[in-house]
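Asker: Starting from these lines, generate the structure:
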Amino acid sequence: MYAIVEIGGEQFKVSKNDKIVAAKLSGDIGSSVDIENVLLLSMDKGIKVGTPYIEGAKVQATIVEHNKADKVIVFKKKRRKRYRVLKGHRQPQTTLQIKEIKA
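Answerer: Here you go, the predicted model:
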């Protein structure tokens, strides 16, 4: 059994006991999160597709950690003008452990 869920504008294929890294979610480490944006459910009976979401379906997950992604470097330069700017950015993210999928 697996599900396709939407978290922070991104879609993830999840099944029980999977770990996923999504955009930062509010909550403490160890707290439970219910994801109700379920786009597709694959069960033993067949596949159920939502329009756009499946009503009553949810995925329960636990927050494992909050961290930052790898640094993205932004470098701007205008040649022969002595203009150089170097900036970096690290996007905050959350690691989730999937507990169960409820149809």
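
Asker: Make sure Gln93 is actually in contact with Val64.
Answerer: No - with contact defined as CB atoms under 8 Å, Gln93 does not reach Val64; the gap is 11.3 Å. Glycine gets a C-beta too; all of them are placed from N, C-alpha and C.

Asker: got the phi/psi numbers for Asp34?
Answerer: As for Asp34, its main-chain torsions (degrees, to the nearest 10) stand at phi -100, psi 120.

Asker: how many neighbours does it have?
Answerer: 9 (other CB atoms under 10 Å).

Asker: beta partners of the residue nearest to it when sequence neighbours are not counted?
Answerer: Distances taken as CB to CB, 6 or more residues apart in numbering put Lys58 closest to Asp34, at 5.2 Å, once the chain neighbours are dropped. Listed beta-bridge partners, Lys58: Lys102 (assigned using DSSP bridges).

Asker: OK, contacts around Lys58?
Answerer: 34-36, 38, 102 (CB atoms under 8 Å, 6 or more residues apart in numbering).

Asker: quick one: the strands in the protein?
Answerer: 2-7, 10-15, 19-23, 32-35, 38-42, 47-49, 58-68, 72-78, 83-89, 92-102 (DSSP state E).

Asker: Surely Tyr53 and Leu40 touch.
Answerer: No - assessed by CB under 8 Å, Tyr53 is found out of contact with Leu40, at 9.8 Å.

Asker: Looking at those two, which is more packed in?
Answerer: When Tyr53 and Leu40 are compared on other CB under 10 Å, the one with more neighbours turns out to be Leu40, at 17 against 14.

Asker: which residues touch that one?
Answerer: 3-4, 47-50, 54.
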